[in-house]
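[1] Quick one: sequence plus predicted model below, questions after.
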Amino acid sequence: MVTNGNSSTRVMLRRFLAASLATAAIGACAVGNADADTPQRGHVEVLELKVQNDQYEAVDLGPAGPSLGDMDVYSGTAVQDGRRVGRGGGSCQVIHIDAGETTTQCLLTMEVERGSLTMQSLWTKGASTPLDMAITGGTGAYSSARGTVRFWGIGTPEERARAEILR
């Protein structure tokens, strides 16, 4: 069964995911521009980011309501200094339910001009921010990227992120 994510928990998750996506895009673009031809080993790029959602769908795969395997799928754009710098998306899949707390594993990929960044984390639906996502790698100029992206204001118009990318 596919729903439109009308519950407040799904709306919050959608906004969180959009913020994550935008953050990753901005970070990847900025890193690509920082060391265009010869990235320095151990170099840390710090980026302050803004996020925009464009698509979201909640997929209810088991019994009605939260159950193992349910997913939230999303996409969006990354914006830096008022301009679009990337695109991407991801999903969060329910992996544990206990006493009303639903834990998801979230995976995100952001594509920019010189490659892509990948991120992942566990997230408890409805948890307050900040949320830290691990940068797990990438492609192209970001093939050895590691670090953390921290998100605040998830699901609000003020959603923002700070990426610390180590290459």
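    Here it is on my side, so go on. Residues are numbered from 1 along each chain as shown.
[2] Can you give me the buried ones in stretch 134-147?
    Applying a neighbour-count criterion of 16 or more other Cβ atoms under 10 Å, one finds 135-136, 138, 141-142, 145, 147 buried in stretch 134-147. For glycine as for every other residue, the C-beta is placed from the backbone atoms N, C-alpha and C.
[3] Next: stretch 97-113.
    If you call a residue buried by 16+ other Cβ under 10 Å, then stretch 97-113 has these buried ones: 102, 104, 106-112.
[4] again with stretch 45-65
    45, 47, 49-53, 56-58, 60.
[5] pLDDT-wise, which helix or strand of the chain ranks last?
    strand 2-3 (a mean of 44; mean pLDDT, DSSP states H and E).
[6] Residue 69 - that's part of a strand, no?
    No: applying DSSP: H, G, I helix; E, B strand; the rest coil, one finds residue 69 to be coil, outside a strand.
[7] Spatially nearest residue to it, not counting backbone neighbours?
    Closest residue to residue 69 apart from its sequence neighbours, by Cβ to Cβ, 6 or more residues apart in numbering: residue 61 at 4.7 Å.
[8] and the one you found, backbone torsions?
    Main-chain dihedrals, residue 61, degrees, to the nearest 10: phi -90, psi -30.
[9] chain center to stretch 141-148, what's the gap?
    In terms of Cα atoms, centre = their mean, to the nearest Å, the centre of stretch 141-148 is found 15 Å from the chain centre.
[10] ditto for stretch 74-84
    12 Å.
[11] How about stretch 139-146?
    Taking Cα atoms, centre = their mean, the mean C-alpha location of stretch 139-146 is offset from the chain mean by 17 Å.
[12] What of stretch 83-99?
    Relative to its chain's centre, stretch 83-99 lies at 6 Å (Cα atoms, centre = their mean).
[13] Ok, stretch 73-88 next?
    11 Å.
[14] Quick one: end-to-end distance for that stretch.
    11 Å (Cα to Cα, to the nearest Å).
[15] tell me which residues of that stretch are tucked away?
    Applying 16+ other Cβ under 10 Å to stretch 73-88 flags 73-80, 85-88 as buried.
[16] Could you tell me which of those belong to strands?
    By the criterion of DSSP state E, membership of those in strands covers 73-80, 85-88.
[17] Kindly reformat those as JSON lines containing distance to residue 152 and pLDDT.
    Shown next, in JSON lines, are these (distance: Cβ to Cβ, whole Å; pLDDT from 0 to 100):
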{"residue": "73", "distance to residue 152": "23", "pLDDT": "91"}
{"residue": "74", "distance to residue 152": "18", "pLDDT": "85"}
{"residue": "75", "distance to residue 152": "21", "pLDDT": "84"}
{"residue": "76", "distance to residue 152": "17", "pLDDT": "81"}
{"residue": "77", "distance to residue 152": "19", "pLDDT": "82"}
{"residue": "78", "distance to residue 152": "16", "pLDDT": "83"}
{"residue": "79", "distance to residue 152": "16", "pLDDT": "83"}
{"residue": "80", "distance to residue 152": "17", "pLDDT": "85"}
{"residue": "85", "distance to residue 152": "20", "pLDDT": "84"}
{"residue": "86", "distance to residue 152": "20", "pLDDT": "84"}
{"residue": "87", "distance to residue 152": "22", "pLDDT": "84"}
{"residue": "88", "distance to residue 152": "19", "pLDDT": "82"}
